[in-house]
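1. whatever this is, show me its structure:
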Amino acid sequence: RSTLPPIVTHNMADDSKDPILNQLRRLSLFNHPSDRVKIVFHPEFLNSNNPLFGLDYEEFVRGCHLGVFPSYYEPWGYTPAECTVMGVPSITTNLSGFGCFMEDNIEDSSEYGIYIVDRRMKSIEESIQQLSDQMLMFCQKSRRQRINQRNRTERLSDLLDWKRMGLEYIKARQLALRRAYPDSFEDDYFNVEDGPLERPKVPNPKSAPGSPRIRTPQDGETDLSLAKMSIHDRERYLQYRMQGNDDDDGLEYPIKIKTALGRPSTRAELMAEGEFDVSKDEVTAAQASIAAVGVAAAQTQYKDVMGGVNGSYHDAHGRSKGSYQQ
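-> Reported below is the predicted structural model:
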């Protein structure tokens, strides 16, 4: 083609007034071959009926490697939270509610795929350098490291569950009411500013238990009193939930043999179906040897059944267990 690839997927009305396009023009990002950053600006919400992408928003997010949201200010920030729930690592800042929340609750957030740029205490140049370092560090990860990190990131979805977020809403409203109408609260049962209990930070990743018990308020119980009574169980569950075994190298799976019909079968099933040239009585005798005598006798029985020639026996993991000769 004689022209450069467009940077926007639509013909926009009054594109000269669009702040994103104006910023791209200012930075001279026009998808030149020499540009290290290529732009695809899609000014429309995603859904499966979209003729260009044909993906729902959730599918599109899951297909991304990393979400980058270095906002100068956000009261909360839904986009990095959505990435977290879908197992996609993201970059945020400590000037967003999401970034502050993760910083307060996770010991080392970068281990869980939440990279937080310090825009509160660092200069703009230092923040830019930190952002570029975090992106470079992510790009240098191996494929296995990225998969492990995605698994860790998705475990953080429990932190964003409404059962936990709802408590923060209750605390905020309780705090507002106590400050606006201090005379209406005679008890000091719950110190909203300090929180129900000091929350331990989520440690670096190990293994997960079952789901916690979920109680509903009984007579005489308020949402806040129930939250205070159940906070120990909830926090203990979250700590264990975040500790997952990312390395599956130690797991061993039974080897399956694929038949001509495409159905995986074990060796015994194939023998029973006549895939090997042995009689049903011989198969029955071999299986009886396995149950009665054990592995050593079973190996001898299988040698007789299969009518093997010079060879060797191996266990399920491929380790040699001896040799035989017909």
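
2. burial check on residue 148, number of neighbours?
-> Other residues near residue 148 come to 20 when the count uses other C-beta atoms under 10 Å. Using the backbone N, CA and C atoms, a C-beta is placed for each residue, glycine as well.

3. show me the shaky parts of this structure.
-> Applying pLDDT under 70 to the chain flags the ranges 187-199, 206-280, 282-283, 286, 289-326.

4. which stretches of it form strands?
-> 67-68, 90-93, 114-117, 257-258, 264-265, 311-314, 320-324 (DSSP state E).

5. how does this protein divide up, domain by domain?
-> Taking automatic domain parsing as the domain assignment, the ranges for the chain are 1-44, 61-159, 161-242, 257-324.

6. and the shortest one, how far apart are its ends?
-> Between the opening and closing residues of domain 1-44 there is a gap of 26 Å (C-alpha to C-alpha, to the nearest Å).

7. list the contacts for residue 91?
-> Counting by C-beta atoms under 8 Å, 6 or more residues apart in numbering, residue 91 touches 66, 67, 68, 69, 70, 80, 115, 116, 117, 131, 134, 135.

8. who does it bridge with?
-> Per DSSP bridges, the residues bridged to residue 91 are residue 68, residue 115.

9. could you check how far it is from residue 113?
-> 10 Å (C-beta to C-beta, to the nearest Å).

10. swap in residue 28?
-> With distances taken as C-beta to C-beta, residue 28 is found 32 Å from residue 113.

11. of these two, who's got more company?
-> residue 113 (26 against 8).

12. need phi/psi at that one.
-> Dihedral angles of residue 113 (phi, psi; degrees, to the nearest 10) stand at phi 80, psi 20.

13. Serialize the contacts of residue 91 to JSON lines and add fields for distance to residue 203 and neighbour count.
-> Converted to JSON lines, the contacts of residue 91 look like this (distance: C-beta to C-beta, whole Å; neighbours: other C-beta atoms under 10 Å):
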{"residue": "66", "distance to residue 203": "24", "neighbour count": "17"}
{"residue": "67", "distance to residue 203": "24", "neighbour count": "19"}
{"residue": "68", "distance to residue 203": "26", "neighbour count": "18"}
{"residue": "69", "distance to residue 203": "25", "neighbour count": "19"}
{"residue": "70", "distance to residue 203": "27", "neighbour count": "19"}
{"residue": "80", "distance to residue 203": "21", "neighbour count": "27"}
{"residue": "115", "distance to residue 203": "18", "neighbour count": "26"}
{"residue": "116", "distance to residue 203": "17", "neighbour count": "24"}
{"residue": "117", "distance to residue 203": "23", "neighbour count": "25"}
{"residue": "131", "distance to residue 203": "26", "neighbour count": "18"}
{"residue": "134", "distance to residue 203": "21", "neighbour count": "19"}
{"residue": "135", "distance to residue 203": "26", "neighbour count": "14"}
